[in-house]
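>>> Here you go, sequence then predicted model.
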Amino acid sequence: MIRVLIIHNNPLVRLGIRSILERDPEIQIGETTQFDEILEQVATTDVVIFDGTLVFYDSYEEYSAAEMVTCMRQVRAHGIVVLVPGVSEEDLFWFLVAGAAACEPDTLSADALVTKVRRVADGEYLITSEVLPPEADDSPGSQVQTGTLPATEPDRIPLEAERCGVTGREIEVLRCVRYGLSNKLIARHLAISDQTVKNHITSALRRLRVRDRTAAVVAVLRLGLITLDDPLPEKALPIEMSDTQNQHVTSSASKKREEVAV
């Protein structure tokens, strides 16, 4: 039996989700939108279907939807599927970092919803970019950018860091990605070529068995290979030339000026 808890502010949406999931006799359904009840019930729930637009209040403070996902994870909630009407890359990033197993558009089809509930109940983390706008690109202004590999079938994130084999240089590059740097800015920061940056990112995606940059950053965060408090890697300093090299460069420049003068 798969125990599903629906947490959604819209009663019509709750009714629709319930009617879809009730077709499966192996799914048992509960509902709530009360802060205290959520923290009590999620610990004994296999899958939480969560409204990504909710804001919660207790006696002392306000909790955003992403912060609420973190609270649910802290009380050992299992697979959390966040439904969103539309989300930026930064929102997607924070939901996944907070511990959501999936972040999906609320236009998800009935069959797709049931499939994802079953996969999440089996312990999978479904990382996908299908909720991102089609114009999302490699611009330096975005928090995390999508990668170049196809994102049609997201994969399971590995749980053991020692199995992924990500190199130190790849971690440095992903740390730059986490700060929203484009390939060109990463190349300039680390004093390497654009193509080398692409190679490192592609290699990291393969080692982590994920399909895009968002998934890669979330994976290394969950594996503890980087943290949200990590600073950017040290900026590479210009290579200092020896006196002999300086003399050679100066001599060559003088020779070229003489040739031009002639």
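Structure's in. What do you need?
>>> chain center to stretch 166-177, what's the gap?
15 Å (CA atoms, centre = their mean, to the nearest Å).
>>> actually stretch 13-28, not the one I typed
Put simply, stretch 13-28 sits 28 Å off its chain's centre (CA atoms, centre = their mean).
>>> What distance do you get for Leu5 to Thr32?
Taking CB to CB, to the nearest Å as the measure, Leu5 falls 7 Å from Thr32. Any C-beta I mention is one placed from the backbone N, CA and C, and that applies to glycine too.
>>> meant to ask about Ile2
17 Å.
>>> for His200, same thing?
Applying CB to CB, the value for His200 to Thr32 is 45 Å.
>>> what about these two, which has more around it?
A direct count of neighbours by other CB atoms under 10 Å for His200 and Thr32 places His200 higher, at 24 against 16.
>>> and the residue nearest to Asp194 when sequence neighbours are not counted, what does it touch?
In this structure, Asp194 finds its nearest non-sequential neighbour in Ala187, 4.8 Å apart by CB to CB, 6 or more residues apart in numbering. Contacts for Ala187 were tallied using CB atoms under 8 Å, 6 or more residues apart in numbering; they are Ser193, Asp194, Thr196, Val197.
>>> What is the nearest of those residues to Leu208?
Val197 (16.5 Å; CB to CB).
>>> from the chain's centre, how far out does the helix or strand where that closest one lies sit?
In the assignment (DSSP states H and E), Val197 maps to helix 194-208. On the basis of CA atoms, centre = their mean, helix 194-208 sits 16 Å off its chain's mean C-alpha point.
>>> Mind exporting the C-alpha coordinates of that helix to CSV?
Backbone C-alpha positions of helix 194-208 (Å, rounded to 0.1, in the frame of the first residue of the first chain) are rendered in CSV as follows:
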residue,chain,number,x,y,z
ASP,A,194,35.0,27.5,-22.7
GLN,A,195,35.3,24.0,-24.2
THR,A,196,37.1,22.7,-21.0
VAL,A,197,34.2,24.0,-18.9
LYS,A,198,31.8,22.2,-21.2
ASN,A,199,33.8,19.0,-20.9
HIS,A,200,33.9,19.2,-17.1
ILE,A,201,30.1,19.7,-16.9
THR,A,202,29.4,16.9,-19.4
SER,A,203,31.7,14.5,-17.4
ALA,A,204,30.0,15.5,-14.1
LEU,A,205,26.6,14.8,-15.6
ARG,A,206,27.7,11.4,-16.7
ARG,A,207,29.3,10.5,-13.4
LEU,A,208,26.3,11.7,-11.4
